[in-house]
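1. Structure for the following, please:
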Amino acid sequence: MKKINPFKPNSPVSTGMFAGRLKEIQLLGQSLYQTKCGNPNNILVTGERGIGKSSLMMILKDFASGARETLEHGKFEFLTINGMVSDTTDLVTLIKLIERNIKRELGKTESMRKYLSTAWDFVKRIRVMDSGIEDCEIINDPDLIIDEFVYSLAKTCKRIADPENDEEGKDGILFILDEADNASESLRLGYFFKAIIELLQQHGCSNVMFVVVGLPEITDKLLLSHESSLRIFNQVKVKELNPVDRKRVVELGLDEANKKNEEETSITEDAKNHISTLSEGYPHFIQQFSYSAFDFNTDGEISADDVLSGAFNRGGAIDSIGTRYYAADYHSKIKSDEYREVLSIMAESMNAWIKKNEIQDKFPGSNQTLTSALAALTKRKIILKNPSVKGEYRLQQKGFAIWIKLFGERAK
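-> Numbering: from 1, shown residues only. Purely as a prediction, here's the structure:
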């Protein structure tokens, strides 16, 4: 009998299958409460690929919208705006995306639609690609654009906090900007947020909360555009799940499956231990190894053999993880087996800093080849060079190191 597989390696997990992150969840609830009370807490969420940032943001959105009650502060009613950044996103595009989402979320009544049309009128006057609207003032200076944006944002926030007629009142506005590590240098993301937050204070608007989400390198991009930009955020570094929570994720998934399928599925403790160890606590990896083990199982009880077969078989968990996250860096961007050998040596240290001479001790090639490899891998942003210590390098993500180690072991 074909059964519904409950595990979701290709998307954030539903809140019903969410486990762990108690400290992070408490901080999110407290930050919403502070913002509602006029003391906004802005958050910078960083973590490696597959570590569960998107799933944590789903919890935050549920908290903010009132779909889910927080642990300590009850329910909220925030206007929640989501956005994503690519390497081509510029200031005008980002502001237009925010404006469009605000109108989409709030423009459900005629009175509010008219209000928003007037409040955000400045967007029509921004010059884009040398094209503008004739017979009106054109805005093309970044600082003027930010000033107009903040003015419109502050007006909107005050309106929803004090609604008219049939409009719905809100506790404030929550902005979630995902994949912020993709931001181009020209976007000046750190300056953008520093300016906005300070201008909002000047306009007496204190119910807007910003959450910026990205890979760990986002901190460097923020600092590059404004040296004090990190001070405006409370930083949340999303780490690996502990072994107890890893197993809980698996158990919640099977509980979900057994609600939907006629035939129940169980799992041995040994199998859960294998998933815990293989995943190293990365929620995405837990989902993928569990998904593959569930798919491989035929007798209704997932065993350690099911986990290992589902992991190492061609097309299994390791293949899927590699294809989705790391294959391009490991294959397409590298044409030399010697360069891949450097990555394999570095993977033994996970994503900790490792000295060049330590790599040289294990590297079979010449010193010149190693120097060329480190320079090329750094230039292609596959590895990082320590700006503070000469001759130290590391892989960008621990997940990449895990995959290299597992990928190398598959042939055995």
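
2. switch to C-alpha atoms for all contacts and neighbour counts from now on
-> Noted.

3. Tell me which stretches of the stretch 251-400 of the chain form helices.
-> For the stretch 251-400 of the chain, the helices defined by DSSP state H, counting those that start in this stretch occupy 269-279, 283-296, 304-312, 317-321, 327, 337-347, 356-362, 367-379, 398-410.

4. Deepest in the core, which of those helices is it.
-> Among the helices of the stretch 251-400 of the chain, ranked by average contacts under mean count of other C-alpha atoms under 10 Å, first place goes to helix 283-296 (a mean of 26).

5. Contacts for it next, please.
-> Residues outside helix 283-296 that contact it (C-alpha atoms under 8 Å, 6 or more residues apart in numbering): 5-9, 50-52, 240-241, 246, 249-250, 275-276, 278-279, 302, 306-311, 316-317, 320-321.

6. and that helix, how far from the chain's centre?
-> How far helix 283-296 lies from its chain's middle: 20 Å, per C-alpha atoms, centre = their mean, to the nearest Å.

7. next one: stretch 10-29
-> For stretch 10-29, the distance to the chain centre is 13 Å (C-alpha atoms, centre = their mean).

8. Now do it, average pLDDT.
-> The pLDDT scores in stretch 10-29 average 82.

9. Make TSV out of the helices of the stretch 251-400 of the chain and add distance to Ile43 and mean pLDDT.
-> Converted to TSV, these look like this (distance: least, C-alpha to C-alpha, whole Å; pLDDT from 0 to 100):
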stretch	distance to Ile43	mean pLDDT
helix 269-279	27	95
helix 283-296	21	94
helix 304-312	36	94
helix 317-321	29	87
helix 327	31	82
helix 337-347	31	92
helix 356-362	36	95
helix 367-379	29	93
helix 398-410	23	76
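
10. So which of those is nearest Leu27?
-> helix 283-296 (19.9 Å; C-alpha to C-alpha).

11. related to what we said a few turns ago, of all the helices of the stretch 251-400 of the chain, which one is nearest Ala119?
-> Nearest to Ala119, of the helices of the stretch 251-400 of the chain and by C-alpha to C-alpha, is helix 283-296 at 41.6 Å.

12. And for Lys194, the neighbour number?
-> A count of neighbours around Lys194, defined by other C-alpha atoms under 10 Å, yields 19.

13. okay, now the domains of this structure?
-> 21-237, 243-313, 335-410 (automatic domain parsing).

14. before we move on, back to that, can you put the helices of the stretch 251-400 of the chain in TSV and add distance to Lys75?
-> Shown next, in TSV, are the helices of the stretch 251-400 of the chain (distance: least, C-alpha to C-alpha, whole Å):
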stretch	distance to Lys75
helix 269-279	34
helix 283-296	27
helix 304-312	40
helix 317-321	37
helix 327	43
helix 337-347	44
helix 356-362	53
helix 367-379	47
helix 398-410	35
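
15. winner for burial among the domains of the chain?
-> domain 243-313 (a mean of 20).

16. before we move on, back to that, nearest to Glu77, out of the helices of the stretch 251-400 of the chain?
-> When the helices of the stretch 251-400 of the chain are ranked by proximity to Glu77 (C-alpha to C-alpha), helix 283-296 comes first, at 28.7 Å.

17. hang on, Ile102 is in a strand, isn't it?
-> No. Assignment of Ile102 by DSSP: H, G, I helix; E, B strand; the rest coil gives helix, placing it outside any strand.

18. Quick check: it touching Gly83?
-> No. Ile102 lies out of contact with Gly83 (C-alpha atoms under 8 Å); the separation is 11.1 Å.

19. could you dump the domains of the chain to TSV with distance to Val13?
-> Shown next, in TSV, are these (distance: least, C-alpha to C-alpha, whole Å):
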stretch	distance to Val13
domain 21-237	6
domain 243-313	9
domain 335-410	18
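
20. Can you say which of the ones you listed is nearest to Ala327?
-> Of all the domains of the chain, domain 335-410 comes closest under C-alpha to C-alpha, at 9.6 Å.

21. got a list of contacts for whichever strand or helix holds Glu99?
-> Per DSSP states H and E, Glu99 falls inside helix 91-106. Residues external to helix 91-106 that are found in contact with it (C-alpha under 8 Å, 6+ apart): 79, 81-83, 85, 112-113, 116, 120, 123, 126, 128, 142, 149, 187.

22. Could you rerun that using 6 Å?
-> For helix 91-106, the external contacting residues (C-alpha atoms under 6 Å, 6 or more residues apart in numbering) are Leu187.

23. ok so, going back, looking at the helices of the stretch 251-400 of the chain, which is nearest to Leu254?
-> Among those, helix 283-296 sits nearest to Leu254 (C-alpha to C-alpha), with 9.1 Å.

24. can you dump the C-alpha coordinates of that closest one into PDB?
-> Extracted as PDB, the C-alpha positions of helix 283-296 are listed here (Å, rounded to 0.1, in the frame of the first residue of the first chain):
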ATOM      1  CA  PRO A 283      16.600  20.200  10.400                       C
ATOM      2  CA  HIS A 284      16.600  20.000   6.600                       C
ATOM      3  CA  PHE A 285      18.900  16.900   6.800                       C
ATOM      4  CA  ILE A 286      16.600  15.300   9.400                       C
ATOM      5  CA  GLN A 287      13.700  15.800   7.000                       C
ATOM      6  CA  GLN A 288      15.600  14.300   4.100                       C
ATOM      7  CA  PHE A 289      17.000  11.300   5.900                       C
ATOM      8  CA  SER A 290      13.600  10.600   7.400                       C
ATOM      9  CA  TYR A 291      11.900  11.100   4.100                       C
ATOM     10  CA  SER A 292      14.200   8.600   2.300                       C
ATOM     11  CA  ALA A 293      14.000   6.100   5.200                       C
ATOM     12  CA  PHE A 294      10.200   6.300   5.100                       C
ATOM     13  CA  ASP A 295      10.200   5.800   1.400                       C
ATOM     14  CA  PHE A 296      12.600   2.800   1.500                       C
END
